[in-house]
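K.L.:
Structural data only, the sequence is not supplied:
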Ligand SMILES: CC(=O)SCCNC(=O)CCNC(=O)[C@H](O)C(C)(C)COP(=O)(O)OP(=O)(O)OC[C@H]1O[C@@H](n2cnc3c(N)ncnc32)[C@H](O)[C@@H]1OP(=O)(O)O
């Protein structure tokens with residue numbers, strides 16, 4: 001079946017990357033893009049159709065398929081679920097150089113960017129980004145709206161919680177669990193489970209200091 005003309009949501013950097021993947025994969029040019037920022041640079045060759053809340057009207061006008069191309073995990077999940085609720089189809093997007101095992105599963109609204117490898121029996125939930133060159137080994141389970149950044153490598157049987165982010169070039173030991181909403185810093189080597197919502201980085205990965213106030217200045221300085 002020929003791929004549909006999509007409605008894209010998000011005209012930023014990730015939107016441009018998804019557009020490039022669609023072109024490489026032979027999808028037709030998207031019907032348009034929604035973005036709440038009227039000053040957004042837009043996507044080359046794709047008309048800006050207004051803010052995100054126009055989606056319902058566009059569905060009523062007959063657009064049937066969409067993709068949320070936003071880098072922020074929580075917002076991507078929220079809008080992706082809204083679009084599903086409006087009756088949009090969210091077909092997974094797969095770059096032609098991505099290698100997916102026959103029994104691997106890529107969920108609705110998810111994208112596999114160039115040179116991704118998704119191993120045997122790996123399951124990927126909805127609205128997930130498998131970014132450029134990431135490797136998700138056999139039997140991994142990725143919950144909705146997580147993001148595996150470029151070059152990150154997940155060993156066999158790793159489980160990633162909802163909306164978690166695995167940073168650029170991070171590596172995760174086989175069998176590890178990453179909690180929902182956690183962030184793995186770029187370059188981390190994760191050798192132990194990571195709790196929900198925590199931020200870790202380094203080799204081996206340890207909690208990263210968050211939001212520390214700047215050092216107090218002496219009076220008069
Ligand atoms: C196509 C694309 O571009 S996809 C983009 C994917 N994005 C990424 O991979 C980025 C992932 N993000 C990171 O690695 C970030 O540096 C984070 C989330 C770990 C931390 O970011 P912030 O909360 O802004 O922390 P900040 O930069 O202020 O650093 C806080 C401390 O953590 C340290 N730190 C920051 N990042 C890391 C890291 N990856 N590993 C180890 N330590 C780190 C800093 O040196 C600093 O240490 P200090 O307290 O001794 O000074």
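P.N.:
Cool, got the structure. Note that the structure is a prediction, hence the values are computed from the model and not measured.

K.L.:
Check which residues of the host helix or strand of residue 84 are buried.
P.N.:
Taking DSSP states H and E as the definition, residue 84 sits inside helix 73-85. Using 16 or more other C-beta atoms under 10 Å as the test for burial, helix 73-85 gives 73, 75-84. Heads up, the C-betas are built off the backbone N, CA and C, glycines and all.

K.L.:
Could you identify the helix or strand that succeeds it?
P.N.:
For helix 73-85, the succeeding helix or strand toward the C-terminus, using DSSP H and E, is strand 93-94.

K.L.:
What pairs with the next helix or strand after that next one, parallel or antiparallel?
P.N.:
Next along the chain after strand 93-94, taking DSSP H and E as the criterion, comes strand 99-100. Using DSSP bridges, strand 99-100 pairs in its sheet with strand 117-118 (parallel).

K.L.:
Show me what from this structure comes close to the ligand.
P.N.:
By C-beta under 6 Å from any ligand atom, the residues of the chain that approach the ligand are 131, 149-150, 167-168, 183, 185-188, 199, 201-202, 208-210.

K.L.:
which one of the buried residues of helix 73-85 sits closest to the ligand?
P.N.:
Nearest to the ligand among the buried residues of helix 73-85: residue 73, at 10.8 Å, using C-beta to the nearest ligand atom.

K.L.:
Next, the contact list for that closest one, please.
P.N.:
Contacts for residue 73 (C-beta atoms under 8 Å, 6 or more residues apart in numbering) come out as 145-147, 163-165, 181.

K.L.:
Between all of those residues, which two are separated the most?
P.N.:
147 and 181 (11.5 Å; C-beta to C-beta).

K.L.:
Compare the two (neighbour count), which wins?
P.N.:
residue 147 (24 against 19; other C-beta atoms under 10 Å).

K.L.:
Give me the below-cutoff pLDDT ranges for this protein.
P.N.:
Low-confidence segments of the chain (pLDDT under 70): 211-221.

K.L.:
can we see that at 90?
P.N.:
The model of the chain has pLDDT under 90 over residues 1-3, 38-42, 209-221.

K.L.:
Okay, domains of it per the record?
P.N.:
What automatic domain parsing lists as the domains of the chain is 6-91, 93-201.

K.L.:
Of the ones you listed, which stretch is the most buried?
P.N.:
Of all the domains of the chain, domain 93-201 carries the top mean neighbour count, a mean of 21, counting by mean count of other C-beta atoms under 10 Å.

K.L.:
Tell me how far it lies from the chain's centre.
P.N.:
9 Å (C-alpha atoms, centre = their mean, to the nearest Å).

K.L.:
Nearest residue to residue 179 in space, ignoring adjacent ones along the chain?
P.N.:
Once flanking residues are discounted, residue 179 sits nearest to residue 196: 3.4 Å by C-beta to C-beta, 6 or more residues apart in numbering.
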